[in-house]
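the sequence and its predicted three-dimensional model are supplied below.
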Amino acid sequence: MTSSELPYDSWLEEALRGVIRRALTHAAEEGLPRAHHFYLTFLTGADGVELPVELRAKYPDEMTIVLQHQFWDLSVEDDHFAVTLKFRGRPSRLVVPFAAISAFGDPSVNFGLQLKTAHGDEAAAEPATETGGEDPAKAGAGEVIALDSFRKK
């Protein structure tokens, strides 16, 4: 990019990550209203991502988490969020920088964002999903969910 070009792409990515930050902040302060729930896909190997060793081994590249019924201690900072989810019945603390997020969705309102990551890569179409905030009867169960199922067409 030359000095005369404006970085619209990076400004747009920054603004979209701001939408995610605001949605998570709202959920942390007010909870999730009615049927709202969030799918967050992120690169597990990105700088600043913190998750248990067994999850990093299971998802060495990318992981999708669901914030719905069961999530605890959601905190949001300028550059990252942290949340506790249960995986296979055990609570695990995850820290995810906003720069590591490749997709965000709220299927209850058919809203989705596809983002470039800090590595400049486009997100994969069908990432592996570990449902941490799911129905208690399904706690700890993993499933693959195509993000296209809740993206606007």
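Perfect, I can see it now. Numbers count the residues shown, from 1 in each chain.

ranking helices and strands of the chain by mean pLDDT, which lands last?
For the chain, the helix or strand with the lowest mean confidence is strand 142-144, at a mean of 37 (criterion: mean pLDDT, DSSP states H and E).

average pLDDT for stretch 90-106?
Across stretch 90-106, pLDDT averages out at 96.

which positions within that stretch qualify as buried?
Neighbour-count burial for stretch 90-106 flags 92, 94, 96-106 (criterion: 16 or more other C-beta atoms under 10 Å). Every C-beta, even on glycine, is put in place using the N, C-alpha and C of the backbone.

residues of the longest helix along the chain that come out buried?
Scanning the chain for the helix with the most residues, using DSSP state H, yields helix 8-30. Residues 13, 16, 17, 20, 21, 23, 24, 27, 28 are the ones in helix 8-30 that count as buried (16+ other C-beta under 10 Å).

what's the most distant pair in those?
13 and 28 (22.4 Å; C-beta to C-beta).

helices of the chain, residue ranges please.
8-30, 53-58.

who wins for proximity to residue 85 among these?
Between residue 85 and the helices of the chain, the tightest spacing by C-beta to C-beta is seen for helix 53-58, at 9.7 Å.

so where is the protein shaky, pLDDT-wise?
Within the chain, the set of residues satisfying pLDDT under 70 comprises 1-3, 118-153.

please repeat the previous calculation with a cut-off of 50.
Per-residue confidence of the chain (counting by pLDDT under 50) places the weak regions at 120-147, 149-151.

where do the strands sit along it?
Using DSSP state E, the strands found in the chain span residues 38-43, 62-67, 72-76, 80-87, 90-97, 101-106, 111-114, 128-130, 142-144.

closest one to residue 52 among those?
Nearest of the strands of the chain to residue 52, taken as C-beta to C-beta: strand 90-97 at 4.9 Å.

could you check the angle that closest one makes with strand 38-43?
Between the direction of strand 90-97 and that of strand 38-43, the angle (axes from the mean of the first three to the mean of the last three C-alpha atoms, to 10 degrees) works out to 70 degrees.
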